[in-house]
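>>> got a predicted structure here, sequence first:
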Amino acid sequence: MNVKKIVIFGECMVELVTANETQLTKSFAGDTYNTAVYLKRTAPHVAVSYLTAIGEDFLSNELLFAMGNEQINTEQVYRSSQRNLGLYMVRTDPHGERTFAYWRANSAATQTINAMTKAPENIDYFYFSGISVAILDEPQRIKLFELLATLRSKGCKVVFDPNYRPLLWASGDEAKVWMDKSYQMADIAFPGGDDHLALYGHVNTEEVLAHLGQFEVDEVVMKNGAVGVHIVNSDGHFIVPVQKVTNVVDTTAAGDAFNGGYLAARLSGQSVTDAASHGAIVAGTVIQHPGAIIPAEALRKVVAPL
């Protein structure tokens, strides 16, 4: 099997999770970082690199060690002496639904494209999200899309998840422009029902898929929670049911984990339907534990590496 190479671009932050009224637990997480971790854990043979900028503080050093422990390549992790990691706190209710508070406006990751001294090359896939785009200023967004065009011209496949967060955008109209630009670049897209309802007002699967139809995305994988996964590619339209999880502890990173599991299976040669089932199992395992990144052993008990 040829080793597949993927670069995943975005922001990893310090994650503080409420343990009780007076204590927090600390780890590292972020939408694209979560996907990188679950992709690498379930497909160890894939070469996973993370593109971001971090600080030179002790927390940034700890993050580098965490990436090393996950066997994520850090050659494209750039360091800033002027900025530090972003941070967020998460609190979950009895049903596992979460509430976030963020401190990320001036994080090092917001300057990633400016800090990048060597563009990714000789890679098979490039993954980014709506959050990856939202945290950049407009000149960096333009440079990012120039990079995407160059990578695609060399045969790299681009993977995109909208992951819409209204607070990161100046307006909904601005977000729509850049989301649609991202879809235009995507070979594989992971639209979510909740994201499209909030941003575009799409109320059902048909409206979401019709919107993406104008961009000629090769592989559309629409996540819609417990309802199931809709996949549209050149072979047709497939619906993959997902098993209902009754012991939901924390839904943080559910979509990210699905994406990681799905890509792990696809990069291992599996069909889109098998990949969706695999992604659903990974996500279903993750939401039964607190925090975005669960203990590796907890995942291994349920999901064997591909």
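Looks like it arrived, so ask away. Numbers count the residues shown, from 1 in each chain.
>>> what's next to stretch 184-196, contact-wise?
For stretch 184-196, contacts defined as C-beta atoms under 8 Å, 6 or more residues apart in numbering pick out 130, 145, 148-149, 152, 157-164, 183, 202, 205, 207-208, 211-212, 215, 217-225, 227, 255, 258-259, 262-263, 266. The C-beta positions use only the backbone N, C-alpha and C, and glycine is treated the same way.
>>> just checking, which of those belong to strands?
157-161, 219-223 (DSSP state E).
>>> now the buried members of the contacts of stretch 184-196.
130, 145, 148, 157-164, 183, 202, 205, 208, 211-212, 217, 219-224, 255, 258-259, 262-263, 266 (16 or more other C-beta atoms under 10 Å).
>>> my guess is A47 contacts I6, does it?
Yes. Shown here, A47 and I6 form a contact pair, counting by C-beta atoms under 8 Å, at 7.1 Å.
>>> the more surrounded of the two?
For A47 versus I6, neighbours defined as other C-beta atoms under 10 Å are more numerous around I6 (26 against 17).
>>> the more buried one looks like it's in a strand, true?
Yes. The assignment for I6 is a strand, going by DSSP: H, G, I helix; E, B strand; the rest coil.
>>> right, and it touches F128 too?
No. Assessed by C-beta under 8 Å, I6 is found out of contact with F128, at 11.1 Å.
>>> count of neighbours near V203?
What V203 shows, counting by other C-beta under 10 Å, is a neighbour count of 11.
>>> find the nearest non-adjacent residue to it, please.
Nearest residue to V203, sequence neighbours excluded (C-beta to C-beta, 6 or more residues apart in numbering): L197, at 6.4 Å.
>>> part of a helix, is that neighbour?
Yes. Under three-state DSSP, L197 sits within a helix.
>>> from L167, how far off is it?
17 Å (C-beta to C-beta, to the nearest Å).
>>> and these two? Which one has more around it.
Per other C-beta under 10 Å, whichever of L197 and L167 has more neighbours is L197, with 15 against 9.
>>> just the strands in this structure please.
Using DSSP E, strands in the chain cover 5-9, 13-18, 24-29, 47-54, 77-79, 87-92, 98-103, 125-129, 157-161, 188-189, 219-223, 229-233, 236-240.
>>> now the longest one against strand 5-9, angle please.
It stands for strand 47-54. 20 degrees (axes from the mean of the first three to the mean of the last three C-alpha atoms, to 10 degrees).
>>> list the buried residues for stretch 44-56?
For stretch 44-56, by 16+ other C-beta under 10 Å, it's 46-55.
>>> go on, stretch 188-201?
188-193, 195-196, 198-200.
>>> ok, stretch 170-181 next?
Result for stretch 170-181 [16+ other C-beta under 10 Å]: buried residues 175, 178-179, 181.
>>> ditto for stretch 84-92
For stretch 84-92, the neighbour count (16+ other C-beta under 10 Å) marks 84-88, 90, 92 as buried.
>>> which residues sit against it?
11-18, 24, 30, 54-55, 57, 59-60, 63, 98-104, 107-109, 249-252, 290-291.
>>> which of these are buried? Put it as a PyMOL command.
Selection command for PyMOL covering only the buried members of the contacts of stretch 84-92, criterion 16+ other C-beta under 10 Å:
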select buried, resi 11+12+13+14+15+16+17+18+30+54+55+57+60+63+98+104+107+108+109+249+250+251+252+290+291
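>>> tell me the spacing between L51 and M67.
12 Å.
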